[in-house]
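# Predicted model follows, preceded by the sequence.
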Amino acid sequence: MNSETDFAAKSDVFLNFIDFLGKAALDVNSINLNKEKFLNTEYKNKLIAEHFNDMISKIGENIILNDIIFMDNNKNNFNYYVHNSYRKNIGKIISFLQYSSNKNDDEIIKLSKNICMHIAALKPEAIDSDSLDQKVIDREINIQKELISSSGKPANVIEKILEGKMKKFFSEVTLMNQKYIIVPEKTIKEVIESYSNDRSFELISFKLMILN
């Protein structure tokens, strides 16, 4: 949610309204809703959009629902992290993680929370290179080819350089290939693999929301 001023964003009236909307989203209990459908959902005898209009009149400035994400945590394990929180579970950056594990003990829960913190800090675009948007990959390949081709090096050398550049790119934008912020000498993939001897841990999906 966005407000016009930081003063309104930190007020109890605004934060209470966010809590109200969070409860409404949980009560609706549907992962098929998008922002538009949610705003047109009836709750407490009014559409959510009408509750927004009431709040705009109350605080005297415009507020908008910038985005909303529903995640189903019934099939897998779930964890999250809120960065720079204004109030419990309300902040400017929040990351969500869905994962599976055959032993969801305190150690695995701590690992999942730490990965959520990692996601909030390094902001990966996808879990791995296979799940990264092909348009993003193609654009980066074209950028690197243009930069390398001006060097005048032979084609086979250019391909080797390109391979190295893309490997570095994937290490920056994909979660599994990023250096783990808590143990920088290991990638996220290597950290997860270190748990494979006595328990399983698999990343299913993640979401990252950043207040614009």
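Here it is on my side, so go on. Numbers count the residues shown, from 1 in each chain.

# give me the beta-bridge partners of the residue nearest in space to the middle of the chain?
With distances taken as Cα atoms, centre = their mean, the residue of the chain nearest its centroid is residue 208 (1.3 Å). Following DSSP bridges, residue 208 is listed with bridge partners residue 95.

# per the record, what domains does this protein have?
2-64, 77-127+174-210, 133-172 (automatic domain parsing).

# Tell me which of the ones you listed sits most buried.
Here the criterion is mean neighbour count by mean count of other Cβ atoms under 10 Å, and of the domains of the chain the winner is domain 77-127+174-210, at a mean of 16. Quick note: C-beta positions are derived from backbone N, CA and C, even for glycine.

# How far does that domain stretch from one end to the other?
23 Å (Cα to Cα, to the nearest Å).

# Give the next helix or strand downstream of the longest helix along the chain.
Ordering each helix of the chain by length in residues (DSSP state H) puts helix 155-173 first. Using DSSP states H and E, the next helix or strand after helix 155-173 towards the C-terminus is helix 188-193.

# Touching that following helix from outside, list them.
If you take Cβ atoms under 8 Å, 6 or more residues apart in numbering as the criterion, helix 188-193 is touched by 111, 115, 118, 175-178, 180, 183, 201-203.

# Please apply the same query to stretch 85-102.
Residues from elsewhere that reach stretch 85-102 (Cβ under 8 Å, 6+ apart): 9-10, 15, 18-19, 22, 69, 71, 73, 76-84, 108, 112, 115-117, 119-120, 199-211.

# cutoff 7 Å now
10, 15, 18, 71, 73, 76-84, 108, 112, 115-116, 119-120, 199-211 (Cβ atoms under 7 Å, 6 or more residues apart in numbering).

# can you pull out the helices in this protein?
Ranges of helices in the chain, per DSSP H, are 6-9, 12-28, 35-39, 48-59, 106-122, 134-149, 155-173, 188-193.

# So in the chain, where's the weakest helix or strand by average pLDDT?
Among the helices and strands of the chain, helix 6-9 carries the lowest confidence by mean pLDDT, DSSP states H and E, at a mean of 86.

# So what touches that one?
3, 14, 59, 61.

# still on that earlier bit, which ones are touching the residue nearest to the centre of the chain?
95, 119-120, 123.

# How about residue 186, nearest residue that isn't a chain neighbour?
residue 180 (5.3 Å; Cβ to Cβ, 6 or more residues apart in numbering).

# That neighbour and residue 119 touch, don't they?
No: Residue 180 is not in contact with residue 119 according to Cβ atoms under 7 Å; the separation is 11.2 Å.

# where's the nearest residue to residue 15 once chain neighbours are set aside relative to residue 54, distance?
Nearest non-adjacent residue to residue 15, counting by Cβ to Cβ, 6+ apart: residue 87, 5.1 Å away. Distance, residue 87 to residue 54, by Cβ to Cβ, to the nearest Å: 21 Å.
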